[in-house]
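**Student:** below is the sequence, then the predicted model.
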Amino acid sequence: MSKYEAVDCEETKVRVHEYLHKELQEPEMEAITAHLANCENCEREYDIELVFNQVIQHSCDEAPPPELAERVLNRLREIQNHE
Ligand SMILES: [Zn+2]
(Lines give C-alpha, C1' and ligand atoms only; values in the text may rest on other atoms or scores of the structure.)
Protein backbone atom coordinates (compact mmCIF):
# COMPACT_ATOMS: atom_id res chain seq x y z
CA MET A 1 0.00 0.00 0.00
CA SER A 2 1.36 3.36 -0.93
CA LYS A 3 0.69 6.30 1.32
CA TYR A 4 -0.19 8.61 -1.53
CA GLU A 5 -2.55 8.46 -4.46
CA ALA A 6 -0.74 7.79 -7.69
CA VAL A 7 -1.02 10.59 -10.22
CA ASP A 8 -1.32 10.24 -13.96
CA CYS A 9 0.39 12.30 -16.68
CA GLU A 10 -2.48 14.72 -16.94
CA GLU A 11 -2.37 15.47 -13.24
CA THR A 12 1.40 15.75 -13.19
CA LYS A 13 1.48 18.28 -16.02
CA VAL A 14 -1.15 20.39 -14.30
CA ARG A 15 0.80 20.36 -11.05
CA VAL A 16 4.38 20.47 -12.25
CA HIS A 17 4.51 24.23 -11.75
CA GLU A 18 3.33 24.09 -8.15
CA TYR A 19 5.58 21.11 -7.60
CA LEU A 20 8.57 23.11 -8.72
CA HIS A 21 7.67 25.88 -6.33
CA LYS A 22 7.02 23.39 -3.55
CA GLU A 23 3.48 24.61 -3.17
CA LEU A 24 2.00 21.14 -2.82
CA GLN A 25 1.27 19.06 0.23
CA GLU A 26 3.76 16.34 1.13
CA PRO A 27 1.75 13.36 -0.28
CA GLU A 28 1.29 15.16 -3.59
CA MET A 29 4.98 16.06 -3.76
CA GLU A 30 5.80 12.39 -3.24
CA ALA A 31 3.26 11.23 -5.78
CA ILE A 32 4.65 13.54 -8.42
CA THR A 33 8.25 12.71 -7.57
CA ALA A 34 7.34 9.05 -8.04
CA HIS A 35 5.59 9.74 -11.31
CA LEU A 36 8.47 11.85 -12.68
CA ALA A 37 10.91 9.08 -11.86
CA ASN A 38 8.93 6.67 -14.02
CA CYS A 39 7.67 8.85 -16.83
CA GLU A 40 9.95 10.37 -19.43
CA ASN A 41 7.30 12.65 -20.86
CA CYS A 42 6.54 14.28 -17.57
CA GLU A 43 10.18 14.46 -16.63
CA ARG A 44 10.75 16.41 -19.82
CA GLU A 45 7.87 18.71 -19.00
CA TYR A 46 9.40 19.25 -15.58
CA ASP A 47 12.81 20.01 -17.08
CA ILE A 48 11.26 22.59 -19.38
CA GLU A 49 9.56 24.26 -16.47
CA LEU A 50 12.78 24.18 -14.45
CA VAL A 51 14.94 25.71 -17.19
CA PHE A 52 12.23 28.21 -17.98
CA ASN A 53 12.22 29.39 -14.38
CA GLN A 54 15.96 29.82 -14.35
CA VAL A 55 15.97 31.75 -17.61
CA ILE A 56 13.24 34.06 -16.41
CA GLN A 57 14.84 34.63 -13.04
CA HIS A 58 18.18 35.46 -14.56
CA SER A 59 16.91 37.78 -17.21
CA CYS A 60 14.16 39.68 -15.42
CA ASP A 61 13.84 41.32 -12.05
CA GLU A 62 10.12 41.50 -12.42
CA ALA A 63 7.62 39.06 -13.84
CA PRO A 64 8.21 38.75 -17.57
CA PRO A 65 5.66 39.95 -20.07
CA PRO A 66 3.47 37.05 -21.25
CA GLU A 67 4.82 37.20 -24.81
CA LEU A 68 8.35 36.71 -23.57
CA ALA A 69 7.34 33.85 -21.31
CA GLU A 70 5.54 32.24 -24.22
CA ARG A 71 8.50 32.69 -26.55
CA VAL A 72 10.97 31.22 -24.08
CA LEU A 73 8.69 28.24 -23.44
CA ASN A 74 8.26 27.56 -27.15
CA ARG A 75 11.99 27.77 -27.71
CA LEU A 76 12.67 25.35 -24.87
CA ARG A 77 10.10 22.89 -26.24
CA GLU A 78 11.78 23.09 -29.66
CA ILE A 79 15.15 22.33 -28.14
CA GLN A 80 13.76 19.42 -26.16
CA ASN A 81 12.01 17.96 -29.19
CA HIS A 82 15.22 17.94 -31.20
CA GLU A 83 17.19 15.95 -28.68
ZN1 LIG B 1 3.64 11.04 -17.00
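**Tutor:** Done, it's in. Residues are numbered from 1 along each chain as shown.

**Student:** what about the longest helix seen in the chain and the ion, touching?
**Tutor:** Criterion DSSP state H: the longest helix present in the chain is helix 40-59. Yes. Counting by CB under 5 Å from the ion, the ion has neighbours in helix 40-59: Cys42. The C-beta positions use only the backbone N, C-alpha and C, and glycine is treated the same way.

**Student:** per-residue pLDDT, Ala63?
**Tutor:** If you check Ala63, the pLDDT there is 66.

**Student:** and Ala37, by the same measure?
**Tutor:** Predicted confidence (pLDDT) for Ala37: 94.

**Student:** orientation of the helix or strand hosting it relative to helix 40-59 in degrees?
**Tutor:** Using DSSP states H and E, Ala37 falls within helix 26-38. Going by axes from the mean of the first three to the mean of the last three CA atoms, to 10 degrees, helix 26-38 is angled at 110 degrees with respect to helix 40-59.

**Student:** packing partners for helix 26-38?
**Tutor:** helix 9-20, helix 40-59 (3 or more CB pairs under 8 Å, 6 or more residues apart in numbering; DSSP states H and E).
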